[in-house]
Each structure stands twice: as structure tokens, then as C-alpha cells.
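Peer 1: following is a predicted model, sequence given first.
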Amino acid sequence: MTERKGLYELRLRVNGEERVLAARPQDTLLRVLRESLGLTGVKLGCENGDCGVCTVLVDAKPVKSCMVLAAEVEGADILTIEGLRDENLREAFQEENGYQCGFCTPGMMLNAHALLEAHPSPSLEETRDWMASNLCRCTGYEGIARAIARAATK
Amino acid sequence: MIPFDIVYRRPETVDEAVAAWLSNPEASAYYSGGTEIVTGSRNGTYGASALIDVKRLPECRARDSRRVAEGEALYFGAGLFLNEIVEDGSFPLLSATAAKIADHSVRNRITLGGNVAGRLPYREALLPFLAANGTAHLAGPSPAGGVARREAPLRELHAKRLLLGPGEFLLGLSVDAEAADLPFYRDRATSGAEIDYPILALCAMARSGRFAVALSGYLDAPAWLETEGAPPRARDFPEPRTDARASGHYRAELLGLGLARAAEALK
């Protein structure tokens, strides 16, 4: 049985690197990534699982890191926007104006990347189903959907 | 972040999970996907300080077909994430229902057991099992010491919530293989955005002239009815709830429409 109590040594694999840090069992993955590892591309929004700005990939699946305890994902592969190398997607977001203020963009891009890995040519329905996990207050979503469609053709 | 100190335990076996609960029954809670516990702990509606993460137990991760006394059953571990169930597809009504719970990213964390045994009143993943007369597989402390396992018909175990004994938790749910293949009807309405709690979620199945209907969002907990010959009518259910999302009258109208569509689809 694994037990985490008080301050403990947390080992995470983030963006391909092994990271060791002090954490408490009540720390969410969001807090650890931002405050202990300085990965501030992971945004803090609603902290209620609604907005999606804290989205990261855990074993290639998008999750909202505000709802995940860091202790749960020891041993998993975690990818944040700082570790994402997807030039096609980045260019597509630029070309299609898939962002405005940029606050939601890290979560959007990670979710879109996971979508395209799972479905290289996603239907509009699949795109909407996946991307509805992330809220954007600026763009109206059309540019984001176009960016994903464009990235799928590259 | 959970704003108070907790102890997090991840047992390898059911025996370890039950022992962890027995070591501190007052403060312990079984933990699965965590979406409800983490957010509830943050907003002050949840206070367990010893979390026992059971979602990786082999019995909770299993998805298999198994022989039971009545024939073949499909078993779904309580630790399966909803998206895994959506992709599984072996119980189409369950997959279709799970696909509309929360949003895609959150479905990568919500588990079947967490949805069914959680505190929120909707528990939509329960509906296909209620409609299909499924079975709950449970484990908990035995009065004689050690671990007791049991199976219980879900319709008997569920009365507004799962009636679990002290320290008992859900290992998985099963449904007979024949029921999993039956034609079904499902419908879901929200007060606005598609990603929201339902004001009415409905699952219906027909078998051998009997109609089974299970609902969520209509009352203060999921409910079910089974009738002979014809589907139940809206007035066969108790008075619907009225809240900020919808009036009881509106819910009743929706249910009437949904039942008529179910009858048409399943005749």
C-alpha cells in the first residue's frame, strides 16, 4: 500500500523529465505544476473542473489538473504546454486566429493535440465533443475549430 | 488544492483497502476519480481527511464477460473511466449515456463507481443498470473479521443512494449479456448548455413485453419503473422536483414526450 502523509517526496515525469519535489497529499497537480515546478503555462481558472484552462495531458489524455491530486499521477507521463512540440498545431492556431487574449490557449492546444493524436482527421462533431471541455471568452470558438481542421490537414 | 491536511492511501488489494478504512473509519472515504471529492473538499461540502484510492484495484479496473448463475454477464469495474466505457461499446446504452456526462476531459477522470456512488443526485451512469436490472458487486469489512464480498440487485440496493454498509465500497456493476444487447431509447435535456446537469435524463429498454424506464434529474435521486405491456406514463412517477433549472411542470411535460418517443422507438 502506498501512503502519502505530511510533506513527502513526490516524483513526477513532466515533459519527459523526472522531477522530484516536496509535496503534500492534498496538493492538486495544478498547484504542483505551477507553484513547485514553475510551469505557469498551466493556468489557474475556476478550480472547479469547468473552464479547462488547467488542462494537461496525463498519459496522453487531457485532464483538468485542478481536479487531480498530484499523488494520484506518480509514475504517469505528464505533458504541459511548455513541453508540447507540435509546430503544425501552433502554426494553425496562428493562421486561423485561434486565440485572442491567450489565457485559454495552453489548455486548448493540449486538448487539440490529444484530439489529433487520437483522431488524426476528426469530424466536426468529434472536435466539438473534445473541445467543449475548454472555455474561451474571446474568440467564439470558430477560429479554434478551423485551426484544428487545418492542423489535421498538415 | 484541498484546503486541509489529508492522508492519501493507494491500496494494492481489496483487503488492504478495507484495512485502511478500518484503521480510521470516522475520517476515511473511498476515493475514485476524485472530481467530486477534490472540488467538494475545496468548497467545504466534503470533509474526509483519509482518502483511500481504490480505482486501480484489479477488481475495479476489470472489464470482462463472466459466467453467473443466470448465464453470461458483462462486468464493468467501478474504476473504469467514463471515456473508457464510451469507447468500450459492449453495453451500448451505457456507452451512450456515459458519453453525455460532464465534458470529454472530465470523463477522463470520472469513474463509473464515482458517478454511481457519489453524492451528486444525478448519477446518470446508474440509469442503464437500473433499466437493465443490473447487479452491484461490493466489498467491505466482515463482522467476523477480514473482507466480505457480496452481490446485490441494483434495484434493491438503490434507494435514493446506494445503501452501502459501513466501510463497504463498489467493486463494479454487471448486467446480463442479453440485456446489454437489447434495443434501447435514451434522451437527455438540460436547461441550457449541453454540458450541464440534466433536468431529465431517461433510459428505456424493452424485453419480453416489459418496459423498464430509469430517470435522473426528475426527482431528487435516480428512479426506475418497470411495467408490463406498455411503457409507464409520466404520472406513474412521483411529482417531479422544481428548482432553478426547471419547474416540475416542465419536467413532467418533458417526461411525457420522452416516454412517448421511447414507446415509439421500442414498439
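Peer 2: Here it is on my side, so go on.
Peer 1: check whether the longest helix along chain A comes near chain B.
Peer 2: When chain A is parsed with DSSP state H, its longest helix is helix A:105-118. Yes: counting by CB under 8 Å from any CB of the partner chain, contacts between helix A:105-118 and chain B involve A:N111. To be clear about C-beta, it is placed using only N, CA and C from the backbone, and glycine gets the same treatment.
Peer 1: any buried residues in stretch B:73-84, and which?
Peer 2: Buried positions in stretch B:73-84, judged by neighbour count with 16 or more other CB atoms under 10 Å in any protein chain shown: B:A73, B:L74, B:Y75, B:F76, B:G77, B:A78, B:G79, B:L80, B:F81, B:L82, B:N83, B:E84.
Peer 1: let's see which of the residues you listed end up in strands.
Peer 2: Per DSSP state E, strands hold the following members of these: B:A73, B:L74, B:Y75, B:F76, B:G77.
Peer 1: which strands or helices does the longest helix of chain A pack on?
Peer 2: When contacts are defined as 3 or more CB pairs under 8 Å, 6 or more residues apart in numbering or on different chains; DSSP states H and E, helix A:105-118 packs onto strand A:55-58, strand A:61-64, helix A:87-95, helix A:124-131, helix A:142-153.
Peer 1: burial of B:R61, as a residue count?
Peer 2: 16 (other CB atoms under 10 Å in any protein chain shown).
Peer 1: so what's it up against?
Peer 2: Residues in contact with B:R61, defined by CB atoms under 8 Å, 6 or more residues apart in numbering or on different chains, are B:K55, B:G77, B:G79, B:L80.
Peer 1: next one, pLDDT for the first one please.
Peer 2: According to the model's per-residue confidence, B:K55 sits at a pLDDT of 98.
Peer 1: taking the stretch 151-267 of chain B, what residue is nearest to chain A?
Peer 2: Nearest residue of the stretch 151-267 of chain B to chain A (CB to the nearest CB) works out as B:I195 at 5.8 Å.
Peer 1: quick one: strands adjacent to the least confident helix or strand in chain B by mean pLDDT?
Peer 2: Among the helical and strand segments of chain B, the one scoring lowest on mean pLDDT, DSSP states H and E is strand B:63-68, with a mean of 81. Sheet pairing here is set by DSSP bridges, and for strand B:63-68 it gives strand B:71-77 (antiparallel).
Peer 1: restrict the strand it pairs with to CA atoms and write it as PDB.
Peer 2: Extracted as PDB, the C-alpha positions of strand B:71-77 are listed here (Å, rounded to 0.1, in the frame of the first residue of the first chain):
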ATOM      1  CA  GLY B  71     -26.000 -17.100 -17.800                       C
ATOM      2  CA  GLU B  72     -23.400 -14.700 -19.200                       C
ATOM      3  CA  ALA B  73     -22.900 -11.300 -17.600                       C
ATOM      4  CA  LEU B  74     -20.900  -8.200 -18.600                       C
ATOM      5  CA  TYR B  75     -18.900  -6.800 -15.800                       C
ATOM      6  CA  PHE B  76     -17.700  -3.200 -15.600                       C
ATOM      7  CA  GLY B  77     -15.200  -2.300 -12.800                       C
END
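Peer 1: from the chain's centroid, how far away is it?
Peer 2: 15 Å (CA atoms, centre = their mean, to the nearest Å).
Peer 1: now do it, average pLDDT.
Peer 2: 92.
Peer 1: try stretch B:84-99
Peer 2: What stretch B:84-99 shows for mean pLDDT is 96.
Peer 1: equivalent analysis for stretch B:136-153, please.
Peer 2: pLDDT averaged over stretch B:136-153 gives 96.
Peer 1: just stretch B:28-48 next, same as before
Peer 2: Here the average pLDDT along stretch B:28-48 is 96.
Peer 1: run the chain-centre distance for that stretch.
Peer 2: On CA atoms, centre = their mean, the centre of stretch B:28-48 falls 17 Å from the chain's centre.
Peer 1: between the buried residues of stretch B:73-84, which is closest to chain A?
Peer 2: Among those, and counting by CB to the nearest CB, the member closest to chain A is B:N83, at 7.6 Å.
Peer 1: so what's the nearest residue to the closest one once chain neighbours are set aside up against?
Peer 2: Leaving aside its sequence neighbours, B:N83 sits nearest to B:R107 (CB to CB, 6 or more residues apart in numbering or on different chains; 4.5 Å). Residues near B:R107 by CB under 8 Å, 6+ apart: B:F81, B:L82, B:N83, B:V86, B:A98, B:A99, B:I101.
Peer 1: what is the burial count for B:A148?
Peer 2: 16.
Peer 1: for it, give me phi and psi.
Peer 2: Torsion angles at B:A148 (phi, psi; degrees, to the nearest 10) stand at phi -110, psi 140.
Peer 1: isn't it up against B:F169?
Peer 2: No: counting by CB atoms under 8 Å, B:A148 does not reach B:F169; the two are 11.7 Å apart.
Peer 1: next step: the contacts of B:R107 restricted to helices.
Peer 2: B:L82, B:N83, B:V86, B:A98.
Peer 1: which pair of these spans the longest distance?
Peer 2: Farthest apart among those by CB to CB are B:N83 and B:A98. That separation is 7.8 Å.
Peer 1: contacting residues for B:P92?
Peer 2: B:A180, B:F184.
Peer 1: what about the most centrally placed residue in chain A, distance to A:L116?
Peer 2: Chain A has A:V56 as the residue nearest its centroid, 2.4 Å off, counting by CA atoms, centre = their mean. A:V56 sits 16 Å away from A:L116, taking CB to CB, to the nearest Å as the criterion.
Peer 1: and B:F169, backbone torsions?
Peer 2: phi -140, psi 170.
Peer 1: likewise B:L51?
Peer 2: phi -100, psi 130.
Peer 1: residues from the stretch 51-200 of chain B in reach of chain A?
Peer 2: B:51, B:53, B:83, B:99, B:102-106, B:108-109, B:194-195.
Peer 1: just give me the least confident of those.
Peer 2: Lowest-confidence member of these: B:E194, scoring 90 (pLDDT).
Peer 1: residues from chain A in reach of chain B?
Peer 2: So far as CB under 8 Å from any CB goes, chain A lies against chain B at A:1-6, A:24-28, A:30-31, A:47-49, A:52, A:55, A:58, A:61-64, A:66-69, A:71-72, A:111, A:129-130, A:132-134.
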